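Engineer: just to be clear, the model below is a prediction. Sequence and coordinates:
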Amino acid sequence: TGRPWLPWASIPGPEVRLNSLGYTPDQAKRAAIPLSNWYGHPVRWRIYSCHMGEPSLGDHRERCLADALVLEGNWSGPNKSDIGRATWVADFSELREPGQYIMNALRASHYHTVWSSPFQIHDHVFAPLLRGAVSAFTLARCGQAVGPIPGPDGTEYGHEACHTGDAKRDYSHTLFVDATTGKHAHGHVHSTGGWHDAGDYGKYTVNTAFTLGTLMYAWEHFGAAITAAYASEGPEPLAPASGPARPTAPDAGVPEVDISPPPGPGNVSEAQGDGLPPGIDLGAPQAPLGPFLDEVRYGLSWLLTMQDESGGAYHKLTPTAFADLQIMPEEDTSERFFAAVSSAATASLVAAAAQGARVFAHADPALAGACKRAADRGQAWLDAHPEEQAPRQGPFTTGTYAGTSSPRYVDSIRLWALAERWESFGDAGAFRAFEKLLQTFPEKGVNCTELPRSPKARFEEGSVFPNCTVQLVFDWTTQGNFGVIRYLTSQRQLPWGADGNLRRQTANALSAAAGALARISRDHPYGRTMGKYYGWGINGNVARQTMLLHAANLVAARGLGGRVSPAAQQARRRAAGLGLAHLLGANDFGRSYVTGVGFGPPQNPHHRPSMAEKRPWPYLLVGGPWPAATDWVDDKLSFETNEVAINWQGALVYALAMWLPEEPGEPAVSSPADSLRADGQVR
């Protein structure tokens with residue numbers, strides 16, 4: 001009891017695995033520890049309050065020195081972790097008092113003791129990281145200079161204006177044909193702006209739209225809390241470890257979007273970036289948007305430039321091949337081209353534009369009106385091309401976003417687009433089309449509450465996802481989940497003839513999916529909602545499960561999805577919290593997967609600015625182990641496991657926003673009946 005007699009021994013390490021950033025008071029709190037070949041299994045755990053300082057003896061390195069014993073108990077187990085290692089678990093959810101703490105574990109042999117990284121308990125513990133995760137999008141801006149933006153330790157980051165000549169179209173890359181002559185043609189369409197997609201500097205319609213959907217859902221669900229997070233400093237952040245930890249295991253009256261070429265390169269350098277890049281002229285918002293919606297506006301305004309004269313959307317905008325690894329964005333002088341129009345890109349643009357029309361209806365009517373027109377033109381293209389127009393990418397060797405692992409890839413995006421058109425514009429035809437398409441899900445005999453198999457080898461043709469109404473694996477290939485959530489949480493009165501039975505079945509499917517995720521988390525030693533499934537970018541999936549779990553509780557609150565007990569709803573919240581903890585240290589490596597944050601964060605992300613400056617840019621969620629639990633490599637060349645991507649980053653933002661303190665007030669997004677009329681006018 002009391003203060004340990006060897007305070008210098010409280011050196012944090014990767015053995016005691018927990019959320020190394022911390023917890024809110026009401027979150028589930030668990031730690032795990034694996035069997036030691038030398039010192040055996042753990043027998044006892046203790047949690048102490050602690051303070052930062054230098055020990056009076058020992059190495060004099062500053063760390064969190066243990067003070068008073070606040071909680072103790074016995075480890076439970078063993079359980080098998082995903083790498084087959086015996087692992088014990090401690091649940092300390094009863095610890096709710098705000099403060100800074102550290103945990104130790106006593107092992108059976110030789111009374112060997114190991115210590116966790118320090119962690120905090122505080123209502124606003126995730127507010128600094130949420131602000132940082134959003135600033136990572138600002139740092140990923142294309143077309144203008146950004147920065148300086150501080151990292152967790154005050155170090156500044158930024159880049160100069162880049163890719164201001166975006167972009168060219170020709171027949172080879174874009175299948176561009178002159179509408180008058182019918183001959184192959186080439187030219188330039190202004191499309192600066194947007195975000196660099198991942199470790200590369202390309203811009204991809206499908207992934208940008210999907211990311212925007214995630215961010216706009218975060219705003220719709222937690223907008224008041226996000227706004228408050230920018231007013232709250234939160235607790236003083238704990239400094240990350242000085243180096244990587246050694247892994248122990250492996251319409252009318254609204255202006256059109258101006259896409260005319262700009263007079264010259266842009267150089268906007270506000271850290272939070274209120275302006276749009278040159279050539280995208282929407283005027284100023286009606287009222288200050290704040291940093292979060294400013295960032296969404298930046299991505300959304302670029303997305304609209306990817307629509308061609310036909311109403312279809314170019315699939316991507318990239319060089320023919322990836323740029324060199326160790327160059328800053330402004331040093332990339334590659335010629336960049338549009339890829340041909342595709343069904344997936346067009347449906348993605350329709351979905352995000354329709355959602356954006358609602359989100360920005362009052363704050364930025366010009367953008368909302370432009371989104372409405374883009375969504376209408378895109379839907380007209382989709383209606384005229386009911387057959388799938390697959391991505392035709394000719395000479396490109398950059399990312400494909402072809403969706404080959406999902407047999408209903410384009411249909412899933414169409415579901416989202418139709419649902420958003422109904423919600424934003426009251427389009428009854430879209431609602432009927434949505435229900436008709438939804439009835440084709442799922443296939444008979446498919447178990448939609450089991451995770452698919454993991455790929456057995458690198459670059460295998462992915463796991464083929466089952467044809468399910470709600471997909472447990474939730475990423476850009478399975479965007480129908482967005483449509484299902486919108487359908488079940490719609491604020492509109494359903495039209496005459498709506499299929500009540502289909503709605504109940506869909507709500508039951510979402511409830512079953514959330515229940516499955518909660519059970520998987522409960523039975524996993526690290527609380528991981530994806531169990532033993534490891535696919536490309538798995539950390540983004542773990543973060544995005546938070547949306548399925550939260551949405552299921554929203555639907556249950558409306559009396560849909562069957563009778564769901566308070567305990568079951570709490571189990572869903574518990575799983576969401578443990579999923580976030582997994583990303584911040586409760587995993588087989590005992591390390592945070594977010595650069596610059598938590599214990600042993602990634603030092604070498606596959607991210608060109610990080611490689612060029614030989615320092616990890618902060619607040620970035622890396623992809624994580626693939627195809628097996630041991631296969632994470634903190635190496636800049638490991639694009640399979642250590643790359644960053646905007647869709648994963650958006651999922652991290654949503655997962656963090658869920659745990660911000662609830663704030664009273666008006667909804668972040670007005671109900672559709674008082675925002676946009678069906679004719680596109682803002683009320």
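Structural biologist: Perfect, I can see it now. Remember, it's a predicted structure, so these values are computed and weren't measured experimentally.

Engineer: switch to C-alpha atoms for all contacts and neighbour counts from now on
Structural biologist: Will do.

Engineer: can you give me the neighbour number for residue 494?
Structural biologist: By other CA atoms under 10 Å, the residues close to residue 494 number 16.

Engineer: hang on, I meant residue 334
Structural biologist: Residue 334: 14 surrounding residues under other CA under 10 Å.

Engineer: how much space separates the residue lying closest to it once chain neighbours are set aside from residue 339?
Structural biologist: Nearest residue to residue 334, sequence neighbours excluded (CA to CA, 6 or more residues apart in numbering): residue 319, at 6.1 Å. Here residue 319 is placed at a distance of 10 Å from residue 339 (CA to CA, to the nearest Å).

Engineer: which one's more surrounded, these two?
Structural biologist: Using other CA under 10 Å as the criterion, residue 319 and residue 339 rank with residue 339 on top: 32 against 25.

Engineer: gap between the more buried one and residue 133?
Structural biologist: 29 Å.

Engineer: likewise residue 157?
Structural biologist: For residue 157, the distance to residue 133 - CA to CA - is 14 Å.

Engineer: same question, residue 322
Structural biologist: 25 Å.

Engineer: who does the residue nearest to residue 334 bridge with?
Structural biologist: Judged by DSSP bridges, the bridge partners of residue 319 are residue 336.

Engineer: can you pull the contacts of it?
Structural biologist: Counting by CA atoms under 8 Å, 6 or more residues apart in numbering, residue 319 touches 202, 334-337, 396, 398.

Engineer: the one helix or strand residue 576 maps to: which residues count as buried?
Structural biologist: Here residue 576 sits within helix 566-583, counting by DSSP states H and E. Of the residues in helix 566-583, 568-569, 571-583 count as buried by neighbour count, 16 or more other CA atoms under 10 Å.

Engineer: same question, stretch 541-554
Structural biologist: For stretch 541-554, a neighbour-count test (16+ other CA under 10 Å) marks 541-554 as buried.

Engineer: what is the mean pLDDT for the helix or strand where residue 69 lies?
Structural biologist: Using DSSP H and E, residue 69 maps to strand 63-73. Mean pLDDT, strand 63-73: 92.

Engineer: helices and strands around it, which ones?
Structural biologist: Judged by 3 or more CA pairs under 8 Å, 6 or more residues apart in numbering; DSSP states H and E, the packing partners of strand 63-73 are strand 42-53, strand 99-107.

Engineer: okay, buried residues for the longest one please.
Structural biologist: Read it as strand 42-53. 42-51.

Engineer: now these as JSON lines including pLDDT and distance to residue 228?
Structural biologist: JSON lines is the format used below for the buried residues of strand 42-53 (pLDDT from 0 to 100; distance: CA to CA, whole Å):
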{"residue": "42", "pLDDT": "93", "distance to residue 228": "41"}
{"residue": "43", "pLDDT": "94", "distance to residue 228": "42"}
{"residue": "44", "pLDDT": "95", "distance to residue 228": "40"}
{"residue": "45", "pLDDT": "97", "distance to residue 228": "36"}
{"residue": "46", "pLDDT": "96", "distance to residue 228": "34"}
{"residue": "47", "pLDDT": "97", "distance to residue 228": "31"}
{"residue": "48", "pLDDT": "95", "distance to residue 228": "31"}
{"residue": "49", "pLDDT": "95", "distance to residue 228": "28"}
{"residue": "50", "pLDDT": "93", "distance to residue 228": "28"}
{"residue": "51", "pLDDT": "90", "distance to residue 228": "28"}
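
Engineer: would you list every one of the strands in the stretch 501-650 of the chain?
Structural biologist: In the stretch 501-650 of the chain, no segments count as strands under DSSP state E, counting those that start in this stretch.

Engineer: which one of the buried residues of helix 566-583 is nearest to residue 87?
Structural biologist: Distance to residue 87, by CA to CA, is smallest for residue 582 among the buried residues of helix 566-583, at 14.7 Å.
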